[in-house]
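S.K.: A structural model of the following input is requested.
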Amino acid sequence: MAKPDISKVIPSLARQALKLAGGDRKIAYSNYIKLYFSQTGRLAPGCDNKDLQAFYEKESK
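M.R.: Sure thing, here's the model as predicted:
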């Protein structure tokens, strides 16, 4: 399995997704996809949930 790659995550969308999820990281990925789609018109955000979760881990330190 590939290592998480936080460089694939758009920080502003990730932060907004987590805020909309009320801090619930499980819901945040769905919000991230919705926000990404609203910004780009594309469904594939270019990152996986593991990438997003690694981004949140780094942000919490």
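
S.K.: Could I get the full set of strands for the chain?
M.R.: In the chain, no strands are defined using DSSP state E.

S.K.: low-scoring pLDDT stretches of it, where are they?
M.R.: Scanning the chain for pLDDT under 70 picks out nothing.

S.K.: got the contact list for stretch 43-61?
M.R.: Applying C-beta atoms under 8 Å, 6 or more residues apart in numbering, the external contacts of stretch 43-61 come out as 4-6, 8-11, 14-15, 17-18, 25, 28-29, 32-33, 36-37. Any C-beta I mention is one placed from the backbone N, CA and C, and that applies to glycine too.

S.K.: in the chain, which spans are helices?
M.R.: Secondary structure of the chain (DSSP state H): helices at 11-20, 25-40, 49-60.

S.K.: Let me have these in a markdown table, extended by mean neighbour count.
M.R.: As requested, these are arranged in a markdown table below (neighbours: other C-beta atoms under 10 Å):
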| stretch | mean neighbour count |
| --- | --- |
| helix 11-20 | 17 |
| helix 25-40 | 16 |
| helix 49-60 | 16 |
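
S.K.: what sits against P4?
M.R.: P4 is in contact with 48, 50-51, 53-54, counting by C-beta under 8 Å, 6+ apart.

S.K.: distance of the residue located most distally from the centre of the chain from E57?
M.R.: Most distant from the centre of the chain: M1, at 19.0 Å, with distances by C-alpha atoms, centre = their mean. For M1, the distance to E57 equals 16 Å [C-beta to C-beta, to the nearest Å].
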